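> Here is a sequence with its predicted model. Questions after.
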Amino acid sequence: MAQLIPFTYRPGNSLLHRLDVRLKFFTICLISMSLLSAHLPACGGYALVLVFFFKTAGLNVWETLNSMKYFMLLLFFVFMARVLTVPGDILFVFHDISISEQGIMEGGLVAFKFFLVMVTGLIFSTTTKPSSVKSAVQWFLKPVPFVPEKRVAVMISLSLGFMPVILKQAREISNAQKARCADLQKNPIKRILRLVFPLLKKTFLSADSLVLAMESRCYTDDRTDPEFTPSGNERCFFAGTVVLCLSLVCF
Amino acid sequence: MPEKIIDINDLCHTFSDGYIGLKAICVSIYKGEFIILAGKNGSGKTTFLRHLNGLLQSDSGQIRVKGHSVSNHLIQTRKTIGMVFQDADTQIVGDTVFDEVAFGLENLKFSRADITAKVTQALKGLSLFHLQDRTPSSLSGGEKRRLAIAGILVMDPEVIVFDEPFSNLDYPGTIQVLTTIIALNQSGHTIIIATHDIETVICEATRVIIMENGQIKEDGTPADLVKHLESYGVKEPCSSKFGLGIQPWRS
(Lines give C-alpha, C1' and ligand atoms only; values in the text may rest on other atoms or scores of the structure.)
Protein backbone atom coordinates (compact mmCIF):
# COMPACT_ATOMS: atom_id res chain seq x y z
CA MET A 1 0.00 0.00 0.00
CA ALA A 2 2.81 2.40 0.94
CA GLN A 3 4.21 1.89 -2.56
CA LEU A 4 1.10 3.53 -4.01
CA ILE A 5 1.23 6.63 -1.83
CA PRO A 6 3.50 9.46 -3.01
CA PHE A 7 5.78 11.19 -0.47
CA THR A 8 6.22 7.89 1.43
CA TYR A 9 9.71 6.73 2.40
CA ARG A 10 11.01 3.81 0.34
CA PRO A 11 14.01 2.00 1.81
CA GLY A 12 17.15 1.93 -0.36
CA ASN A 13 20.89 2.45 -0.39
CA SER A 14 21.34 5.12 -3.09
CA LEU A 15 23.48 8.25 -2.78
CA LEU A 16 20.39 10.24 -1.81
CA HIS A 17 19.36 7.66 0.79
CA ARG A 18 22.78 7.85 2.44
CA LEU A 19 23.27 11.64 2.40
CA ASP A 20 23.13 13.55 5.69
CA VAL A 21 19.52 14.65 6.13
CA ARG A 22 20.55 18.16 7.25
CA LEU A 23 22.29 18.75 3.92
CA LYS A 24 19.28 17.38 2.06
CA PHE A 25 17.04 19.81 3.95
CA PHE A 26 19.34 22.74 3.20
CA THR A 27 19.67 21.71 -0.45
CA ILE A 28 15.94 21.45 -1.00
CA CYS A 29 15.42 24.97 0.42
CA LEU A 30 18.24 26.42 -1.72
CA ILE A 31 16.99 24.81 -4.93
CA SER A 32 13.37 25.81 -4.30
CA MET A 33 14.43 29.46 -3.83
CA SER A 34 16.67 29.39 -6.90
CA LEU A 35 13.82 28.01 -8.99
CA LEU A 36 11.77 31.14 -8.26
CA SER A 37 13.99 33.24 -10.54
CA ALA A 38 14.83 30.50 -13.08
CA HIS A 39 13.86 30.73 -16.77
CA LEU A 40 12.53 27.98 -19.01
CA PRO A 41 15.88 26.59 -20.29
CA ALA A 42 17.26 26.36 -16.74
CA CYS A 43 14.07 24.66 -15.57
CA GLY A 44 14.36 22.18 -18.46
CA GLY A 45 17.97 21.44 -17.48
CA TYR A 46 16.94 20.93 -13.85
CA ALA A 47 14.21 18.53 -14.96
CA LEU A 48 16.93 16.37 -16.56
CA VAL A 49 18.90 16.48 -13.28
CA LEU A 50 15.76 15.28 -11.47
CA VAL A 51 15.32 12.39 -13.92
CA PHE A 52 18.92 11.39 -13.12
CA PHE A 53 18.19 11.44 -9.37
CA PHE A 54 14.95 9.53 -9.94
CA LYS A 55 16.99 6.76 -11.53
CA THR A 56 19.70 6.99 -8.83
CA ALA A 57 17.10 6.64 -6.08
CA GLY A 58 15.63 3.61 -7.83
CA LEU A 59 12.25 5.27 -8.42
CA ASN A 60 10.06 4.62 -11.44
CA VAL A 61 9.38 7.96 -13.19
CA TRP A 62 6.04 7.05 -14.77
CA GLU A 63 4.71 5.19 -11.73
CA THR A 64 5.55 8.16 -9.51
CA LEU A 65 4.05 10.70 -11.92
CA ASN A 66 0.92 8.57 -12.07
CA SER A 67 0.65 8.57 -8.28
CA MET A 68 0.87 12.39 -8.39
CA LYS A 69 -2.07 12.86 -10.74
CA TYR A 70 -4.15 14.73 -8.13
CA PHE A 71 -1.33 17.23 -7.69
CA MET A 72 -1.47 17.79 -11.44
CA LEU A 73 -4.99 19.07 -10.94
CA LEU A 74 -3.63 21.67 -8.54
CA LEU A 75 -1.01 22.65 -11.13
CA PHE A 76 -3.75 23.01 -13.72
CA PHE A 77 -5.55 25.50 -11.45
CA VAL A 78 -2.30 27.43 -10.97
CA PHE A 79 -1.82 27.47 -14.75
CA MET A 80 -5.39 28.64 -15.39
CA ALA A 81 -5.14 31.37 -12.75
CA ARG A 82 -2.14 32.82 -14.59
CA VAL A 83 -3.65 32.36 -18.05
CA LEU A 84 -6.77 34.28 -17.05
CA THR A 85 -5.06 37.13 -15.20
CA VAL A 86 -1.86 38.00 -17.10
CA PRO A 87 -2.39 40.74 -19.75
CA GLY A 88 -0.59 40.73 -23.12
CA ASP A 89 -1.13 39.92 -26.81
CA ILE A 90 -4.65 38.55 -27.02
CA LEU A 91 -4.86 35.11 -28.64
CA PHE A 92 -8.63 34.72 -28.35
CA VAL A 93 -11.61 36.15 -26.46
CA PHE A 94 -14.58 34.19 -25.11
CA HIS A 95 -17.37 36.40 -23.67
CA ASP A 96 -15.48 38.66 -21.21
CA ILE A 97 -12.56 36.29 -20.79
CA SER A 98 -9.43 37.01 -22.80
CA ILE A 99 -6.43 34.73 -23.03
CA SER A 100 -3.02 36.18 -23.88
CA GLU A 101 0.13 34.57 -25.25
CA GLN A 102 2.10 35.95 -22.27
CA GLY A 103 -0.50 34.42 -19.91
CA ILE A 104 -0.05 30.97 -21.41
CA MET A 105 3.75 31.27 -21.34
CA GLU A 106 3.86 32.58 -17.77
CA GLY A 107 1.22 30.10 -16.55
CA GLY A 108 3.13 27.23 -18.13
CA LEU A 109 6.40 28.37 -16.57
CA VAL A 110 4.92 28.86 -13.07
CA ALA A 111 3.16 25.48 -13.21
CA PHE A 112 6.39 23.86 -14.43
CA LYS A 113 8.35 25.43 -11.54
CA PHE A 114 5.76 24.22 -9.03
CA PHE A 115 5.96 20.77 -10.57
CA LEU A 116 9.76 20.75 -10.23
CA VAL A 117 9.57 21.84 -6.57
CA MET A 118 7.00 19.12 -5.95
CA VAL A 119 9.12 16.42 -7.58
CA THR A 120 12.18 17.63 -5.64
CA GLY A 121 10.15 17.27 -2.42
CA LEU A 122 8.96 13.86 -3.53
CA ILE A 123 12.52 12.64 -4.12
CA PHE A 124 13.50 14.04 -0.72
CA SER A 125 10.66 12.33 1.12
CA THR A 126 10.99 8.99 -0.66
CA THR A 127 14.70 8.81 0.16
CA THR A 128 14.55 10.14 3.74
CA LYS A 129 13.27 8.28 6.80
CA PRO A 130 10.56 10.21 8.70
CA SER A 131 12.69 9.80 11.83
CA SER A 132 15.60 11.52 10.06
CA VAL A 133 13.30 14.40 9.07
CA LYS A 134 12.31 14.70 12.73
CA SER A 135 15.97 14.70 13.77
CA ALA A 136 16.86 17.37 11.22
CA VAL A 137 13.98 19.60 12.37
CA GLN A 138 15.23 19.21 15.94
CA TRP A 139 18.79 20.11 14.87
CA PHE A 140 17.71 23.19 12.90
CA LEU A 141 15.45 24.43 15.71
CA LYS A 142 18.08 23.96 18.44
CA PRO A 143 19.60 27.47 18.13
CA VAL A 144 16.16 29.13 17.99
CA PRO A 145 15.38 30.63 21.41
CA PHE A 146 12.11 29.78 23.20
CA VAL A 147 11.36 26.86 20.86
CA PRO A 148 11.28 23.44 22.61
CA GLU A 149 12.95 21.65 19.68
CA LYS A 150 12.76 18.16 21.20
CA ARG A 151 9.05 18.51 21.88
CA VAL A 152 8.47 19.83 18.35
CA ALA A 153 10.39 16.82 16.97
CA VAL A 154 8.24 14.38 18.98
CA MET A 155 5.09 16.19 17.81
CA ILE A 156 6.18 15.81 14.18
CA SER A 157 6.89 12.15 14.75
CA LEU A 158 3.52 11.60 16.44
CA SER A 159 1.67 13.44 13.65
CA LEU A 160 3.34 11.26 11.01
CA GLY A 161 2.73 8.10 13.02
CA PHE A 162 -0.86 8.93 13.94
CA MET A 163 -1.99 9.74 10.40
CA PRO A 164 -2.55 6.08 9.35
CA VAL A 165 -4.46 5.44 12.60
CA ILE A 166 -6.78 8.40 11.96
CA LEU A 167 -7.29 7.37 8.32
CA LYS A 168 -8.10 3.80 9.41
CA GLN A 169 -10.61 5.09 11.97
CA ALA A 170 -12.21 7.38 9.36
CA ARG A 171 -12.55 4.41 7.00
CA GLU A 172 -14.13 2.27 9.73
CA ILE A 173 -16.63 4.99 10.69
CA SER A 174 -17.50 5.62 7.04
CA ASN A 175 -18.05 1.90 6.40
CA ALA A 176 -20.17 1.54 9.54
CA GLN A 177 -22.33 4.45 8.35
CA LYS A 178 -22.58 3.10 4.82
CA ALA A 179 -23.75 -0.24 6.27
CA ARG A 180 -26.69 1.72 7.71
CA CYS A 181 -27.52 3.40 4.38
CA ALA A 182 -25.74 6.69 5.10
CA ASP A 183 -25.23 6.92 1.32
CA LEU A 184 -28.88 7.94 0.98
CA GLN A 185 -28.06 11.28 2.59
CA LYS A 186 -27.19 13.50 -0.37
CA ASN A 187 -26.36 16.67 1.57
CA PRO A 188 -22.51 16.71 1.62
CA ILE A 189 -22.37 18.99 4.69
CA LYS A 190 -24.48 16.57 6.75
CA ARG A 191 -22.40 13.63 5.51
CA ILE A 192 -19.17 15.35 6.51
CA LEU A 193 -20.54 16.29 9.95
CA ARG A 194 -21.67 12.70 10.55
CA LEU A 195 -18.14 11.54 9.82
CA VAL A 196 -16.22 14.32 11.55
CA PHE A 197 -17.77 14.22 15.04
CA PRO A 198 -17.30 10.49 15.73
CA LEU A 199 -13.85 10.69 14.16
CA LEU A 200 -12.85 13.58 16.42
CA LYS A 201 -14.14 11.69 19.45
CA LYS A 202 -12.18 8.57 18.50
CA THR A 203 -9.07 10.62 17.74
CA PHE A 204 -9.17 12.33 21.15
CA LEU A 205 -9.64 8.98 22.89
CA SER A 206 -6.72 7.53 20.94
CA ALA A 207 -4.61 10.58 21.81
CA ASP A 208 -5.48 10.03 25.46
CA SER A 209 -4.30 6.40 25.25
CA LEU A 210 -1.14 7.56 23.50
CA VAL A 211 -0.37 10.02 26.30
CA LEU A 212 -0.69 7.20 28.86
CA ALA A 213 1.52 4.91 26.77
CA MET A 214 4.18 7.64 26.47
CA GLU A 215 4.01 8.40 30.17
CA SER A 216 4.37 4.72 31.06
CA ARG A 217 7.61 4.72 29.04
CA CYS A 218 9.04 7.64 31.04
CA TYR A 219 8.45 10.35 28.38
CA THR A 220 10.40 13.53 28.98
CA ASP A 221 11.55 16.47 26.84
CA ASP A 222 15.13 15.84 27.90
CA ARG A 223 15.80 12.87 25.62
CA THR A 224 18.81 11.37 23.86
CA ASP A 225 19.82 13.61 20.96
CA PRO A 226 19.48 12.23 17.43
CA GLU A 227 22.54 10.89 15.67
CA PHE A 228 23.54 11.93 12.14
CA THR A 229 25.62 9.63 9.99
CA PRO A 230 27.22 11.51 7.05
CA SER A 231 28.01 9.33 4.02
CA GLY A 232 31.24 11.18 3.09
CA ASN A 233 29.76 12.55 -0.15
CA GLU A 234 28.33 15.67 1.47
CA ARG A 235 31.05 18.14 0.30
CA CYS A 236 30.79 17.07 -3.36
CA PHE A 237 27.00 17.12 -3.21
CA PHE A 238 26.99 20.59 -1.65
CA ALA A 239 29.41 21.93 -4.31
CA GLY A 240 27.19 20.44 -7.02
CA THR A 241 24.12 22.04 -5.47
CA VAL A 242 25.77 25.49 -5.40
CA VAL A 243 26.73 25.16 -9.10
CA LEU A 244 23.18 24.00 -9.91
CA CYS A 245 21.60 26.90 -8.04
CA LEU A 246 23.88 29.46 -9.74
CA SER A 247 22.93 27.95 -13.11
CA LEU A 248 19.23 28.19 -12.24
CA VAL A 249 19.57 31.84 -11.25
CA CYS A 250 21.82 32.90 -14.16
CA PHE A 251 20.25 31.10 -17.13
CA MET B 1 10.02 -17.69 49.68
CA PRO B 2 10.33 -15.63 46.46
CA GLU B 3 11.17 -11.93 46.66
CA LYS B 4 8.18 -9.62 47.09
CA ILE B 5 8.17 -7.09 44.21
CA ILE B 6 4.88 -5.26 44.61
CA ASP B 7 3.04 -4.63 47.85
CA ILE B 8 -0.36 -2.96 47.74
CA ASN B 9 -2.14 -1.78 50.85
CA ASP B 10 -5.72 -0.54 51.07
CA LEU B 11 -5.71 1.01 47.60
CA CYS B 12 -8.80 3.07 46.76
CA HIS B 13 -9.65 5.07 43.67
CA THR B 14 -12.74 7.13 42.88
CA PHE B 15 -13.17 8.76 39.46
CA SER B 16 -14.09 12.43 39.08
CA ASP B 17 -17.72 11.50 38.32
CA GLY B 18 -17.98 9.66 41.66
CA TYR B 19 -17.68 6.15 40.20
CA ILE B 20 -15.68 3.91 42.52
CA GLY B 21 -12.88 2.30 40.52
CA LEU B 22 -11.05 0.47 43.30
CA LYS B 23 -12.07 -0.32 46.84
CA ALA B 24 -9.58 -1.35 49.56
CA ILE B 25 -7.25 -3.44 47.40
CA CYS B 26 -4.66 -5.35 49.41
CA VAL B 27 -2.37 -7.74 47.56
CA SER B 28 1.30 -8.73 47.28
CA ILE B 29 3.01 -9.85 44.09
CA TYR B 30 6.16 -12.00 44.10
CA LYS B 31 9.02 -12.40 41.66
CA GLY B 32 8.43 -14.87 38.84
CA GLU B 33 4.67 -15.17 39.31
CA PHE B 34 2.31 -15.48 36.33
CA ILE B 35 -0.88 -13.80 37.47
CA ILE B 36 -4.20 -13.58 35.68
CA LEU B 37 -6.32 -10.65 36.74
CA ALA B 38 -9.81 -11.79 35.78
CA GLY B 39 -13.16 -10.05 35.91
CA LYS B 40 -15.91 -8.87 33.62
CA ASN B 41 -15.83 -5.48 31.88
CA GLY B 42 -15.88 -2.60 34.35
CA SER B 43 -14.63 -4.72 37.26
CA GLY B 44 -11.60 -2.44 37.80
CA LYS B 45 -8.83 -4.46 36.12
CA THR B 46 -7.46 -1.65 33.94
CA THR B 47 -7.74 0.91 36.75
CA PHE B 48 -5.76 -1.43 38.98
CA LEU B 49 -3.05 -1.96 36.36
CA ARG B 50 -2.70 1.78 35.74
CA HIS B 51 -2.00 2.33 39.43
CA LEU B 52 0.85 -0.20 39.26
CA ASN B 53 2.56 1.96 36.65
CA GLY B 54 1.81 5.25 38.40
CA LEU B 55 -0.50 6.40 35.59
CA LEU B 56 -3.32 6.97 38.10
CA GLN B 57 -2.99 8.35 41.60
CA SER B 58 -4.92 6.67 44.38
CA ASP B 59 -7.25 8.47 46.83
CA SER B 60 -5.86 6.45 49.69
CA GLY B 61 -3.64 3.46 50.30
CA GLN B 62 -0.19 2.79 48.98
CA ILE B 63 1.66 0.78 46.36
CA ARG B 64 5.28 -0.09 47.06
CA VAL B 65 7.47 -1.48 44.29
CA LYS B 66 10.61 -3.15 45.62
CA GLY B 67 10.06 -1.29 48.87
CA HIS B 68 9.69 2.17 47.28
CA SER B 69 6.45 4.12 47.07
CA VAL B 70 5.24 4.43 43.45
CA SER B 71 4.18 8.06 43.80
CA ASN B 72 7.65 9.10 45.05
CA HIS B 73 9.69 6.97 42.61
CA LEU B 74 7.79 7.19 39.32
CA ILE B 75 10.71 6.70 36.93
CA GLN B 76 12.12 3.78 38.92
CA THR B 77 8.64 2.21 39.05
CA ARG B 78 8.14 2.57 35.30
CA LYS B 79 11.52 0.97 34.68
CA THR B 80 10.61 -1.93 36.97
CA ILE B 81 7.03 -2.38 35.74
CA GLY B 82 6.44 -2.24 31.99
CA MET B 83 2.92 -1.91 30.68
CA VAL B 84 1.54 -3.21 27.39
CA PHE B 85 -1.78 -1.54 26.60
CA GLN B 86 -4.89 -3.04 25.07
CA ASP B 87 -4.77 -1.19 21.74
CA ALA B 88 -1.31 -1.55 20.20
CA ASP B 89 -2.13 1.04 17.51
CA THR B 90 -2.58 3.87 19.96
CA GLN B 91 0.55 3.15 21.99
CA ILE B 92 2.96 3.24 19.05
CA VAL B 93 5.03 6.43 19.05
CA GLY B 94 7.90 5.82 16.63
CA ASP B 95 7.67 6.04 12.86
CA THR B 96 9.73 2.91 12.26
CA VAL B 97 9.88 -0.34 14.22
CA PHE B 98 13.41 0.53 15.39
CA ASP B 99 12.42 4.04 16.55
CA GLU B 100 9.39 2.67 18.37
CA VAL B 101 11.51 0.30 20.44
CA ALA B 102 14.12 3.01 21.04
CA PHE B 103 11.56 5.49 22.44
CA GLY B 104 11.79 4.42 26.09
CA LEU B 105 15.59 4.30 26.06
CA GLU B 106 15.77 7.80 24.53
CA ASN B 107 13.59 9.04 27.38
CA LEU B 108 16.00 7.46 29.85
CA LYS B 109 18.89 9.26 28.04
CA PHE B 110 20.83 6.14 27.08
CA SER B 111 23.72 6.75 24.69
CA ARG B 112 23.14 6.10 20.97
CA ALA B 113 25.48 3.11 21.00
CA ASP B 114 23.64 1.54 23.95
CA ILE B 115 20.28 2.25 22.33
CA THR B 116 21.33 0.55 19.08
CA ALA B 117 22.69 -2.48 20.95
CA LYS B 118 19.68 -2.90 23.23
CA VAL B 119 17.09 -2.31 20.50
CA THR B 120 18.81 -4.77 18.18
CA GLN B 121 18.85 -7.38 20.95
CA ALA B 122 15.16 -6.82 21.78
CA LEU B 123 14.13 -6.96 18.11
CA LYS B 124 16.10 -10.15 17.53
CA GLY B 125 14.67 -11.68 20.69
CA LEU B 126 11.13 -11.10 19.44
CA SER B 127 11.88 -12.00 15.79
CA LEU B 128 11.20 -8.46 14.62
CA PHE B 129 14.71 -7.53 13.50
CA HIS B 130 13.97 -8.00 9.79
CA LEU B 131 11.12 -5.47 10.14
CA GLN B 132 13.20 -2.73 11.78
CA ASP B 133 12.79 -0.21 8.94
CA ARG B 134 9.07 -0.85 8.44
CA THR B 135 6.42 1.59 9.61
CA PRO B 136 4.53 0.12 12.61
CA SER B 137 1.18 0.75 10.92
CA SER B 138 2.10 -1.74 8.18
CA LEU B 139 2.59 -4.65 10.64
CA SER B 140 0.06 -7.39 11.38
CA GLY B 141 -1.88 -7.41 14.66
CA GLY B 142 0.43 -10.01 16.26
CA GLU B 143 3.55 -8.18 15.08
CA LYS B 144 2.24 -4.88 16.48
CA ARG B 145 1.57 -6.49 19.85
CA ARG B 146 5.08 -8.02 19.86
CA LEU B 147 6.47 -4.61 18.91
CA ALA B 148 4.70 -3.09 21.90
CA ILE B 149 6.26 -5.82 24.08
CA ALA B 150 9.71 -5.10 22.57
CA GLY B 151 9.27 -1.40 23.39
CA ILE B 152 8.74 -2.35 27.03
CA LEU B 153 11.26 -5.20 27.19
CA VAL B 154 14.11 -2.99 26.04
CA MET B 155 13.77 -1.03 29.30
CA ASP B 156 14.63 -4.19 31.27
CA PRO B 157 11.50 -4.38 33.43
CA GLU B 158 11.13 -7.08 36.07
CA VAL B 159 7.34 -7.07 35.88
CA ILE B 160 5.37 -6.86 32.63
CA VAL B 161 1.72 -5.96 32.83
CA PHE B 162 -0.58 -6.80 29.90
CA ASP B 163 -4.03 -5.29 29.47
CA GLU B 164 -6.14 -7.65 27.34
CA PRO B 165 -3.15 -8.77 25.23
CA PHE B 166 -5.17 -11.09 22.97
CA SER B 167 -8.01 -8.74 22.04
CA ASN B 168 -8.53 -8.27 18.28
CA LEU B 169 -5.91 -10.90 17.41
CA ASP B 170 -6.43 -13.82 15.06
CA TYR B 171 -5.30 -17.34 16.00
CA PRO B 172 -1.70 -17.06 14.66
CA GLY B 173 -1.36 -13.61 16.28
CA THR B 174 -2.63 -14.96 19.61
CA ILE B 175 -0.17 -17.89 19.42
CA GLN B 176 2.73 -15.48 18.70
CA VAL B 177 1.88 -13.25 21.64
CA LEU B 178 1.16 -16.15 24.00
CA THR B 179 4.48 -17.83 23.11
CA THR B 180 6.28 -14.52 23.77
CA ILE B 181 4.58 -14.06 27.14
CA ILE B 182 5.39 -17.63 28.24
CA ALA B 183 9.04 -17.18 27.18
CA LEU B 184 9.22 -13.91 29.15
CA ASN B 185 7.92 -15.65 32.28
CA GLN B 186 10.36 -18.52 31.81
CA SER B 187 13.23 -16.02 31.55
CA GLY B 188 12.34 -14.70 35.01
CA HIS B 189 9.89 -11.86 34.34
CA THR B 190 6.85 -11.52 36.55
CA ILE B 191 3.74 -11.43 34.37
CA ILE B 192 0.37 -9.87 35.17
CA ILE B 193 -2.35 -10.26 32.56
CA ALA B 194 -5.73 -8.57 32.82
CA THR B 195 -8.34 -10.41 30.79
CA HIS B 196 -11.97 -11.46 30.81
CA ASP B 197 -11.18 -14.42 28.57
CA ILE B 198 -8.79 -16.53 30.59
CA GLU B 199 -8.95 -19.76 28.60
CA THR B 200 -5.89 -18.80 26.53
CA VAL B 201 -3.52 -18.38 29.48
CA ILE B 202 -4.95 -20.17 32.50
CA CYS B 203 -2.76 -23.25 31.95
CA GLU B 204 0.38 -21.09 32.21
CA ALA B 205 -0.76 -19.07 35.24
CA THR B 206 0.46 -19.65 38.78
CA ARG B 207 -2.20 -17.46 40.36
CA VAL B 208 -5.63 -16.03 39.54
CA ILE B 209 -7.03 -12.85 41.07
CA ILE B 210 -10.73 -12.24 40.44
CA MET B 211 -12.07 -8.68 40.59
CA GLU B 212 -15.62 -7.41 40.79
CA ASN B 213 -16.91 -3.87 41.39
CA GLY B 214 -13.39 -2.60 42.08
CA GLN B 215 -12.66 -5.20 44.74
CA ILE B 216 -10.58 -8.36 44.85
CA LYS B 217 -13.11 -11.12 45.40
CA GLU B 218 -10.90 -14.20 45.16
CA ASP B 219 -7.17 -14.84 45.02
CA GLY B 220 -5.74 -18.34 44.57
CA THR B 221 -4.36 -20.95 42.23
CA PRO B 222 -6.08 -21.61 38.88
CA ALA B 223 -7.07 -25.10 40.00
CA ASP B 224 -8.80 -23.74 43.12
CA LEU B 225 -10.66 -20.92 41.38
CA VAL B 226 -11.52 -22.29 37.96
CA LYS B 227 -14.97 -23.46 39.06
CA HIS B 228 -15.77 -20.07 40.66
CA LEU B 229 -15.10 -18.01 37.54
CA GLU B 230 -18.57 -17.97 36.06
CA SER B 231 -20.13 -16.60 39.23
CA TYR B 232 -18.06 -13.45 38.57
CA GLY B 233 -18.98 -13.19 34.88
CA VAL B 234 -15.80 -14.84 33.56
CA LYS B 235 -16.12 -17.82 31.22
CA GLU B 236 -14.86 -21.12 32.62
CA PRO B 237 -12.43 -22.87 30.21
CA CYS B 238 -14.11 -25.58 28.09
CA SER B 239 -11.72 -28.30 29.26
CA SER B 240 -12.70 -27.63 32.87
CA LYS B 241 -16.39 -27.62 31.99
CA PHE B 242 -16.05 -31.02 30.35
CA GLY B 243 -14.27 -32.41 33.41
CA LEU B 244 -10.81 -32.51 31.84
CA GLY B 245 -9.29 -30.01 34.27
CA ILE B 246 -7.10 -27.16 33.01
CA GLN B 247 -5.61 -28.01 29.63
CA PRO B 248 -3.18 -25.98 27.43
CA TRP B 249 -4.99 -23.74 24.96
CA ARG B 250 -2.36 -24.26 22.25
CA SER B 251 -2.66 -27.46 20.23
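Everything's here; your move.

> Only C-alpha atoms from now on, for both contacts and neighbour counts.
Noted.

> just the residues of the stretch 51-200 of chain B that are near chain A, which are they?
B:53-55, B:75, B:78-79, B:82-83, B:85, B:89-96, B:99, B:103-104, B:106-112, B:133, B:137, B:152 (Cα under 8 Å from any Cα of the partner chain).

> Which of these are buried, as a ChimeraX select command?
A single ChimeraX command selects the buried members of these (16 or more other Cα atoms under 10 Å in any protein chain shown):
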select /B:53,54,55,75,78,79,82,83,85,89,90,91,92,93,94,95,96,99,103,104,106,107,108,109,110,112,137,152
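
> Inside helices: which ones of the residues of the stretch 51-200 of chain B next to chain A?
B:75, B:78-79, B:99, B:103-104, B:106-107, B:112, B:152 (DSSP state H).

> Check the gap between residue B:160 and residue B:33 for me.
Remark: distance between residue B:160 and residue B:33 (Cα to Cα, to the nearest Å) = 11 Å.

> In terms of secondary structure, what does the helix or strand of chain A with the lowest mean pLDDT contact?
Within chain A, no helix or strand scores below helix A:61-67, which has a mean of 77 by mean pLDDT, DSSP states H and E. Applying 3 or more Cα pairs under 8 Å, 6 or more residues apart in numbering or on different chains; DSSP states H and E, we find helix A:61-67 packed against helix A:40-56.

> Mind listing what's buried along the helix it packs on?
For helix A:40-56, burial by neighbour count (16+ other Cα under 10 Å) applies to A:40, A:42-44, A:46-47, A:50, A:53-54.

> Which residue is the nearest non-sequential neighbour of the residue nearest the centre of chain A?
The centre of chain A sits closest to residue A:121, judged by Cα atoms, centre = their mean, with a distance of 5.5 Å. Closest residue in space to residue A:121, ignoring its immediate chain neighbours: residue A:28 at 7.3 Å, by Cα to Cα, 6 or more residues apart in numbering or on different chains.

> Could you pull out the strands in the chain for me?
Chain wasn't specified; assuming chain A. Taking DSSP state E as the criterion, chain A carries its strands at A:90-94, A:97-100.

> Sorry, I should have been clearer: chain B.
Ranges of strands in chain B, per DSSP E, are B:4-14, B:20-30, B:34-38, B:60-65, B:68-69, B:81-84, B:159-163, B:190-195, B:207-212, B:215-220.

> Of those, which is nearest residue A:61?
strand B:81-84 (42.8 Å; Cα to Cα).

> picking up where we left off before, how many residues are close by the residue nearest to residue A:121?
Residues lying near residue A:28 (other Cα atoms under 10 Å in any protein chain shown) number 17.

> quick one, what contacts it?
A:120-121, A:124 (Cα atoms under 8 Å, 6 or more residues apart in numbering or on different chains).

> Which of the residues you listed sits closest to residue B:37?
In terms of Cα to Cα, no member of the contacts of residue A:28 lies closer to residue B:37 than residue A:124, at 49.0 Å.

> ok, the closest one to chain B distance?
17 Å (Cα to the nearest Cα, to the nearest Å).

> Can you verify my assumption that that residue contacts residue A:26?
No. Taking Cα atoms under 8 Å as the definition, residue A:124 is not a contact partner of residue A:26, at 11.2 Å.

> Would you mind telling me which of those two has more residues around it?
residue A:124 (23 against 14).

> what residues does chain A put near chain B?
Counting by Cα under 8 Å from any Cα, chain A sits next to chain B at A:11, A:130-131, A:157-158, A:160-161, A:164-165, A:206-207, A:209-210, A:212-227.

> Just the buried ones among the residues you listed, please.
Burial by neighbour count, judged by 16+ other Cα under 10 Å, picks out A:130-131, A:157-158, A:160-161, A:165, A:206-207, A:209-210, A:212-219, A:223-224, A:226 from the residues of chain A next to chain B.

> Now do the end-to-end distance for stretch B:104-113.
End to end - Cα to Cα - stretch B:104-113 spans 15 Å.

> same deal with stretch A:182-194?
Taking Cα to Cα, stretch A:182-194 runs 9 Å from one end to the other.

> Next one: the residue sitting furthest away from the middle of chain A relative to residue A:117, how far apart?
The centre of chain A is farthest from one residue, residue A:95, which by Cα atoms, centre = their mean lies 38.4 Å away. To residue A:117, residue A:95 is 35 Å away according to Cα to Cα.

> Then residue A:103?
Distance of residue A:103 to residue A:117, given as Cα to Cα: 21 Å.

> Kindly report the same for residue A:240.
As judged by Cα to Cα, residue A:240 and residue A:117 stand 18 Å apart.

> Between the two, tell me which one has more neighbours.
Between residue A:240 and residue A:117, counted using other Cα under 10 Å, the more crowded position is residue A:117 (19 against 12).
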